[in-house]
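[1] The following comprises the amino acid sequence and a computationally predicted model.
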Amino acid sequence: MMKKGVWLLALTVLAGCAGMGGGASSGDSMSGPVVETEARSRAKVFTELGFAYFNRSQMKVALDEARKAIAIDSRYGPAYHLLGLIYMELEEDRLAEENFRKAIGIDRADSDAHNSYGWFLCTRGRHGEGLVQFTEAMRNPLYDKPELAMANSGLCSERKGDLRQAEAYYNKALKLAPNAPLPTIKLANLHFRNGNLNEAQRLLTRHQQISPPTAEALWLGLRIERKLGDRAQEAVYNQQLRRHFPEAPETQLLLRGQYE
C-alpha cells in the first residue's frame, strides 16, 4: 500500500483533498449555474467528513461517508473523487480509476479531480497520461491551486526520468507560488544531483524559511555540507535527522552510509 506520508508529500495534499471542485462548480459542468438542493447540501457534508477521515487514514469510515454522499446525490462529483483517492490508497486500481473518471465525467472543470487522477496515473507508470491530466487541471482559469498541478507535473516527469522537464515544471510552479515548499525542495534536489551545490544550498535555505524541517530537506542539507566539506554543519543536520525523523527512509540511508 502507498505510504500516506508519500501521498501527502506528493500532493501537499496536492489532490486538494479539502477542495471541492477545484474552483469550479461541483455539479454537472455542462448544466449551467448549480442550485444547491437539500440533497446536494447533505452529500457535500458527508463528502467533507469523508475527506477528513481520509486525511487521518481512516479508510473504512471515509468509504462509508463517500457512499452515503452518493446514495443521497449520485451526481455529486467530489464524492467520486474521494472514492478514487480511497481506492488508490487501498491499491484497488480498477475502482480508483473508475471513480476518478466518474468525478471528471460529472464535472470536467474539477481540477482537483484531474490532479488526483493524474497522480494516480503517474504512480502506476502511466506518466504521459498523468501529465495530460495535470494539464487539464491547469486549463481551468478558476483553479486556485495551479502551482500544485505544476509541481505534480514535475514529480511525474522525475518518475519518467525526464529531469530537464521536471526542472522546468518546478520553476514554473515557483513563478506561480514563490513560497511553495514542495517545488522548492524538489528543485534543490535536482540541482544537487546535477552538481550545482551553491544553487542547491540557496534553495534549501529558502525552503527552511518557508517550511518546517522535513526529513528530505535535512538529508539534502547533510549531503550538501558533506560535499562542501563543512563537517560541523553536516553534523548538525545529522543530529536533527536522527532526532526528529528516526524512522524516515532518509535516516535509514544515513545509518547505512548511502550518501549517493
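    Structure received. Bear in mind the structure is a predicted one, so any value in this text is a computation, not a measurement.
[2] Relative to residue 185, how far out is residue 48?
    30 Å (Cβ to Cβ, to the nearest Å). (C-beta placed from N, C-alpha, C; glycine too.)
[3] Looking at the two, which is more packed in?
    Comparing residue 48 with residue 185 by other Cβ atoms under 10 Å, the one with more neighbours is residue 185, at 24 against 16.
[4] tell me the mean pLDDT for the helix or strand where residue 219 lies?
    Element membership for residue 219 (DSSP states H and E) is helix 215-228. The pLDDT scores in helix 215-228 average 98.
[5] which residues are contacting that helix?
    Contacts to helix 215-228, defined as Cβ atoms under 8 Å, 6 or more residues apart in numbering, come from residues 9, 185, 188-189, 192, 197, 200-201, 204, 207-208, 211, 231, 233-234, 237-238, 240-241, 244-245, 248-251, 253-254, 259.
[6] Please flag which of these sit within helices.
    Using DSSP state H, the subset of these located in helices is 9, 185, 188-189, 192, 197, 200-201, 204, 207-208, 231, 233-234, 237-238, 240-241, 244, 249-251, 253-254.
[7] what's near enough to touch residue 194?
    If you count contacts by Cβ under 8 Å, 6+ apart, residue 194 has them with residue 163.
[8] Could I get the pLDDT score of it?
    Reading off the confidence values, residue 194 has pLDDT 94.
[9] can you check the one 3 residues further on too?
    You'll see residue 197 listed with a pLDDT of 97.
[10] Please apply the same query to the one 4 residues further on.
    The score at residue 201 is 98. That number is its pLDDT.
[11] Can you report how many residues lie near it?
    19.
[12] do you know how far it is from residue 228?
    Distance from residue 201 to residue 228, counting by Cβ to Cβ: 8 Å.
[13] so residue 91, which of the three states?
    Put simply, residue 91 is coil when judged by DSSP: H, G, I helix; E, B strand; the rest coil.
[14] which stretches of the protein aren't confidently modelled?
    Applying pLDDT under 70 to the chain flags the ranges 1-35.
[15] try 50 this time
    1-27, 29-33 (pLDDT under 50).
[16] Okay, residue 189 and residue 128: tell me how far apart.
    Per Cβ to Cβ, residue 189 is found 23 Å from residue 128.
[17] For the two, work out which one has more neighbours and name it.
    Between residue 189 and residue 128, counted using other Cβ under 10 Å, the more crowded position is residue 189 (21 against 10).
[18] Can you get me a residue count around the nearest residue to the more buried one once chain neighbours are set aside?
    Distances taken as Cβ to Cβ, 6 or more residues apart in numbering place residue 220 nearest to residue 189, at 5.9 Å, with adjacent residues excluded. Residues lying near residue 220 (other Cβ under 10 Å) number 23.
[19] And residue 220, how far from residue 173?
    Counting by Cβ to Cβ, the separation of residue 220 from residue 173 is 18 Å.
[20] And residue 43, by the same measure?
    Counting by Cβ to Cβ, the gap from residue 43 to residue 173 is 33 Å.
[21] One more: residue 133?
    For residue 133, the distance to residue 173 (Cβ to Cβ) stands at 16 Å.
[22] do residue 41 as well
    35 Å.
[23] same check, this time on residue 44
    For residue 44, the distance to residue 173 (Cβ to Cβ) stands at 29 Å.
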